[in-house]
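Visitor: show me how the following folds:
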Amino acid sequence: MSKNVKIAVVGGGIGGLGFALGLKQRGMDCDVYEAVPEVKELGVGITLLPHAMRELAALGVQDKLEAVAIENLESVFFNRYGQFIYKEPRGRHAGYALPELGIHRGKLHRILYDEALARLGADRIHTGYRCVGVDQDENGATIRFADSATGVAREPVRADVVIACDGVRSAVRKQ
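Guide: Presented below is the predicted three-dimensional model:
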């Protein structure tokens, strides 16, 4: 794919930002359009298994993740009365090359967001852009957006390639 191809990533969550960082690593620029007006550290604790860490390490964020996460030593299972059932080592302690980390979802998102701002440039990360639809023709696609705070239509964005990473309520998938 040529560097002149205009790529738009709809959705600036974990998936969209990870995808955008992967494109940048491969020498391809893209713009990321995220519905929320301001990225905040929201969510709950999640576990990053070694295969997920392999991908995040390849993006160059492993050290930053390990600095704010907890490395899991083992998983331990108990019955409802608190009696021990089973335990097993996790991540590096189970022989994997990479750790298994417990981390707040918002911290993972913040690290990816900050990396995208630094690597792609702040001018390529657009917040407050809620996708309302995509129209495709033989030359590419036009993405229609509304301002997520006001609902007012934004100027449509033209791209050669549109990647939908806009989550479970995806406007693109619904279409």
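Visitor: alpha carbons of the helix or strand of the chain with the lowest mean pLDDT, as PDB, please.
Guide: Ranked by mean pLDDT, DSSP states H and E, the helix or strand of the chain with the weakest confidence is helix 171-174, at a mean of 86. Extracted in PDB, the C-alpha atoms of helix 171-174 (Å, rounded to 0.1, in the frame of the first residue of the first chain):
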ATOM      1  CA  ALA A 171     -22.300   2.800  13.200                       C
ATOM      2  CA  VAL A 172     -20.300   1.300  10.400                       C
ATOM      3  CA  ARG A 173     -21.200  -2.300  11.300                       C
ATOM      4  CA  LYS A 174     -24.900  -1.300  11.800                       C
END
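Visitor: please name every helix or strand in contact with that helix.
Guide: strand 129-137, strand 161-164 (3 or more C-beta pairs under 8 Å, 6 or more residues apart in numbering; DSSP states H and E). Backbone N, C-alpha and C define where each C-beta goes, glycine included.
Visitor: repeat that for 6 Å
Guide: Contacts defined by 3 or more C-beta pairs under 6 Å, 6 or more residues apart in numbering; DSSP states H and E place helix 171-174 against strand 129-137.
Visitor: returning to what we had before: and the contacts of the least confident helix or strand of the chain?
Guide: By C-beta atoms under 6 Å, 6 or more residues apart in numbering, the list of residues contacting helix 171-174 from outside reads V10, C131, V132, V134, A164.
Visitor: and the first one, how far is that from R173?
Guide: When C-beta to C-beta, to the nearest Å is applied, the distance between V10 and R173 equals 10 Å.
Visitor: so between these two, which is more surrounded?
Guide: V10 (27 against 10; other C-beta atoms under 10 Å).
Visitor: pLDDT value on the more buried one, please?
Guide: V10 carries a pLDDT value of 97.
Visitor: so what's the nearest residue to E100 once chain neighbours are set aside up against?
Guide: Spatial nearest neighbour of E100, excluding adjacent residues (C-beta to C-beta, 6 or more residues apart in numbering): G91 at 3.3 Å. Taking C-beta under 6 Å, 6+ apart, we find G91 in contact with P50, N72, P99, E100.
Visitor: and G91, how far is that from F145?
Guide: According to C-beta to C-beta, G91 stands 40 Å off from F145.
Visitor: do V44 as well
Guide: In this view, V44 and F145 are 29 Å apart by C-beta to C-beta.
Visitor: neighbour count: those two, which is higher?
Guide: The neighbour count for V44 versus F145, taken as other C-beta under 10 Å, is higher for F145 (22 against 7).
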